[in-house]
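Novice: what would the 3D arrangement of this be:
(chains A and B)
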Protein chains: 2
Amino acid sequence: MPILQPIVNLAELLARKGITDVVVSPGSRSAPLTLAVARHPQLRVRVMADERSAGFVALGMAQQTKRPVAVICTSGSAVYNLAPAVAEAFFQQIPLLLLTADRPHEWLHQLDGQTMDQVGVYGPQVKRSYDLPADYHHPDSRWFMERTVQEAITLTQLQPAGPVHVNVPLREPFYPNADEPFQYEPVRLITTLTAQPSLSAETWHELLDEWERSERILIAVGQLPRDPALLTVLGKISNELGVPIVGEIISNLPVNDHFITHTDTFLSGIGAKTADALRPDLLITLGNSFLTRNLKTFFRQYPARRHWHLQPTVDRITDSFQSLTTLIPADPLAFLEKLFADLDYQRFLQGDDDDETNEYLNQWQSINRRAARLVEQTLSQPNQPLTDWSAVQLVLEQLPERSILHLANSMPVRYANLCGLSEQQHISVAANRGVSGIDGCLSTAVGAALATDQIVTLLIGDVAFFYDRNAFWSAPVPANLRVILLNNDSGHIFRMIDGPGKQPELETYFETPHGYTARNTASDAHVAYQACDSLASLQSLLPDFFQPSDQAKLLELSTDKIQNQSQFATYKSKVKQIPKQL
Amino acid sequence: MPILQPIVNLAELLARKGITDVVVSPGSRSAPLTLAVARHPQLRVRVMADERSAGFVALGMAQQTKRPVAVICTSGSAVYNLAPAVAEAFFQQIPLLLLTADRPHEWLHQLDGQTMDQVGVYGPQVKRSYDLPADYHHPDSRWFMERTVQEAITLTQLQPAGPVHVNVPLREPFYPNADEPFQYEPVRLITTLTAQPSLSAETWHELLDEWERSERILIAVGQLPRDPALLTVLGKISNELGVPIVGEIISNLPVNDHFITHTDTFLSGIGAKTADALRPDLLITLGNSFLTRNLKTFFRQYPARRHWHLQPTVDRITDSFQSLTTLIPADPLAFLEKLFADLDYQRFLQGDDDDETNEYLNQWQSINRRAARLVEQTLSQPNQPLTDWSAVQLVLEQLPERSILHLANSMPVRYANLCGLSEQQHISVAANRGVSGIDGCLSTAVGAALATDQIVTLLIGDVAFFYDRNAFWSAPVPANLRVILLNNDSGHIFRMIDGPGKQPELETYFETPHGYTARNTASDAHVAYQACDSLASLQSLLPDFFQPSDQAKLLELSTDKIQNQSQFATYKSKVKQIPKQL
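Specialist: Residues are numbered from 1 along each chain as shown, chains lettered A, B, ... in the order given. A predicted model of the protein is given here:
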């Protein structure tokens, strides 16, 4: 019996459809897929033994390259170990192609090994789920396979991008004999053209009218990858049309004079009077999720009169602030560029081409500046101990220019958001805010580092780090990875939020202290390790830490959870005074 | 707003319905569930930070106690991290109650954190999936919750036992205020009676007739927990009725004079002539999956004329050997006891109460003895190096009497099966042969050790060990756990089976060597560690290793994959000669 030629051809299809990277976990049922990709000259294959890690590594790669990454695993529970990354990819809109080997279905419930019901196993957490045939004798079967795999690859990238599942039942033999030819046959490529959503002139004018009728317009940006063109148009809209642009660190909005990035500080416990001064008539949102409760609560408690949300497809109503009035099918960049061009032209026709001075924008910018100063004051106390927050601020300041930053859940991304990143740094920020798990942050950063030559810095807490330490297991850890581990020996967020902090069960059932340091984990993985317990030593270590090297590096900061908590409490007490100053 | 009283009551329901153990992973959405069980005086709660590990720890506990264990996790990808254990529990028929916290469904696809579609998330890999209401104002909602949770608990235990999913959407507030009363209200218990399947007298006589008409009858036992009563009746059926009883190490059949436990050795490459001599007319199977391909292939290639399979419910046709003729709804023990009693009584009536001497049984027993000798000879070569197999044999011999043995996938369980366990040891054997993953073997053994005071010994390879090392993370590791780690620095099975062993991709894509030893992992987890690299030192270490202690122990054996392979190759070449000697 010959090898499974249609499975060999599958690798050719992946390569021809633009896939360059595959993450594989070992298995025997999946061996035909593994050999097909491993032997293909245009595919780079990375092997990760733990499928959970493999899924997140693939996600990290695709997050950076914006191209689908294929993941191959064997049958049985291996398939479920990919599921956490699948859910994150779905809600973060990252293209992944999941190729899960399976036993032919007739063996289900026949007490055979590594056999479970894999068809549609990821439920609604994938864009679509396919099941290939186990037999290829009829030419229609081969036609179905080639067509389906191409459709699946295309679908991963169609907006909103996301994971697509192709289940692959496989019969033995899995391995070619030594004398057997192993070659890729030509495949017929089907090109799927894509189109941008385009609004009718009439609809467009109605939107412009609504804009013109609105006195106070605000744009809020959810999670988005860094896009300089988008930053440019948002900057112009703010400067020239007087529109506050609100965002968080995961929106990849840098700290500068016009962007409003300190909402988490100044919207905390905001009173009705200040809120009224800040509340927009027309709110425009774009991007994915927002990070902080303060921002979300503000827009829900003080809803805009009109709320537009821009998203590539409108098959689902995304009404995050319970105020949506218009859902607009649009690529946000294209939409905003056209919007700005049209409004700018109108202003030119009206002879109104001065930059608008706008009281509304001023109010947002002024309270934002106050919040920034408050954060700065909090962190620049003399004799400052090493806390998670002050460490995060120092690291953010020292990041190499144009490098990549991955912010782990749950406290690091929040601390980083309180600090922000300056415009001159050109840092690209990623974070797993699709379903916001701690389960794959280290693996995602490893994947990002594999996909780029730039330095990738991960800011991560101890629970997320040890949870996902298998990311380090399948060597080598990429040399451009830098891990800053904030080790406060606990799931620190539970102490920082109000509810659990007051329960007698806090330590045992929520924080779960473990006493681990990362020294051994780093040593096992051949990752260069340094420990640090003061701000001064952190300051002195960082420049060298960020230098290129031939080995990944981990810097473990030991912080004290009580000191972390007390710094945050001081900050919170000061925060209450901000809105009153408006 | 008061705390969520119906959620508090849920803990009372668990306790009243006989649940004693709960495994919890930290989370804020799940906090009401966590507090409810943590404060309940009759529930023992174990906290594991990694949900994947938590799931398997619960499985290990339920595997030993035969009682459902509840698992609590927070919303989002945490739920998916339980899925590998859920699949294993489903196919291994272990009762688990999965309580997954969820956001109220109206928040799905609204860009909110840790929100995914959790209803029915485990698909057909749970017995049933429930979704509780998020609002309890209407009394019918409370009635629904109490009824549903009781149904779910009952269902976990109804044969075949298995996991049941209860999704629990929760609204804030999650935490009671300090001055708020926290008490369990009385709940109305609904007792669900259970019944044994009972065959009509007519059906029973037809079965007895078929037995009487069959000349060569054989009973094959798949995976089953140790049951002395079952061993007794099987022993009698073999001794007094001349029926070969075939099983594997996971069937908990010990090595003795009548049980046939060396099939993996002597059925390997069996010729047609020998096969004809061994082939039954009537095959009776019971239990769950069979371990080895040799056994399964034999019964498929040489199908019995009639094949009965005993299983508690008959809603699915389990036809593992493609020879099934009668599916019998029965508890195997009850069925076999009645069968033996009836047949024995008939023999008494017929004055035929001598033990039968039976040529068919003799043939099976004789070839089985030869296989046992061959294994013994292979392992007793002079100057034997420390190989995985010889280590396994030595460990099995030295196990403390009446202790528990967990055999990890994939090579340890196979080596152990080649050796067997003597009857005098009274060892209870467990292995994750539901979907046969390597993903939770260490956690399952930790769970088993938590559920018993006996020594629990785990035999595990390096890939399975490091894959699941988070089992050790949430301290303390139970002191009665003994881990024997066979570290050959690879996914060794791929070298031992024919296909991948011959591919140039063997090391990189299948074995995935990592260079890790467990010294650091054990040290981080405060597990006593010893390393060993010779049979003599293993022999000298084991007696003390198995002594009770106040700390879990890990013994790491470094073996060489080439020596492992060559020992196995020698064995295989000898095996070919066995059938010819019949």
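
Novice: could you chop chain A up by domain?
Specialist: Following automatic domain parsing, chain A resolves into domains at A:5-169, A:201-368, A:382-575.

Novice: of those, which is nearest residue B:52?
Specialist: domain A:5-169 (6.9 Å; Cβ to Cβ). For every residue, glycine as well, the C-beta is placed using N, CA and C.

Novice: tell me the mean pLDDT over that closest one?
Specialist: When pLDDT is averaged along domain A:5-169, the result is 97.

Novice: quote the end-to-end distance of that domain.
Specialist: With Cα to Cα, to the nearest Å as the measure, the first residue of domain A:5-169 is 14 Å from its last.

Novice: now it, how far from the centre of its chain.
Specialist: Chain-centre distance of domain A:5-169: 21 Å, with Cα atoms, centre = their mean, to the nearest Å.

Novice: so which bits of the stretch 251-400 of chain A are right by chain B?
Specialist: Residues of the stretch 251-400 of chain A lying near chain B by Cβ under 8 Å from any Cβ of the partner chain: A:288-290, A:296, A:316, A:318-320.

Novice: and the helix or strand where residue A:483 lies, what does it pack against?
Specialist: Residue A:483 is located in strand A:481-487, with elements delineated by DSSP states H and E. Contacts defined by 3 or more Cβ pairs under 8 Å, 6 or more residues apart in numbering or on different chains; DSSP states H and E place strand A:481-487 against helix A:388-398, helix A:441-450, strand A:456-461, helix A:462-467, strand A:553-558.

Novice: contacts for the fourth one?
Specialist: Right, helix A:462-467. Contacting residues not belonging to helix A:462-467 are listed as A:408-410, A:438-439, A:441-442, A:483, A:485-492, A:512, A:514, A:516, A:518, A:521, B:49-50, B:470, B:473 [Cβ atoms under 8 Å, 6 or more residues apart in numbering or on different chains].

Novice: which stretches in the stretch 251-400 of chain A count as strands?
Specialist: Taking DSSP state E, counting those that start in this stretch, the strands of the stretch 251-400 of chain A run over residues A:259-260, A:282-286, A:306-311, A:326-329.

Novice: spit out the contact partners of residue A:451.
Specialist: By Cβ under 8 Å, 6+ apart, the residues touching residue A:451 are A:21, A:60-65.

Novice: re earlier: just the domains of chain A: most buried one?
Specialist: The highest mean neighbour count among the domains of chain A belongs to domain A:5-169 (a mean of 23), with neighbours defined as mean count of other Cβ atoms under 10 Å in any protein chain shown.

Novice: does that one reach chain B?
Specialist: Yes. Applying Cβ under 8 Å from any Cβ, one finds domain A:5-169 touching chain B at A:24, A:26, A:28, A:31, A:34-35, A:38-39, A:45, A:47, A:49-52, A:76-78, A:80-81, A:83-84, A:86-88, A:90-91, A:109-117, A:120-121, A:123-125.

Novice: number of nearby residues for whatever residue of the stretch 51-200 of chain A ends up closest to chain B?
Specialist: Using Cβ to the nearest Cβ, the point where the stretch 51-200 of chain A gets nearest to chain B is residue A:175, with a distance of 3.2 Å. Residues contacting residue A:175 under the criterion other Cβ atoms under 10 Å in any protein chain shown number 20.

Novice: check it and give its pLDDT.
Specialist: 92.

Novice: what about it, which helix or strand?
Specialist: Of the helices and strands defined by DSSP H and E, none includes residue A:175.
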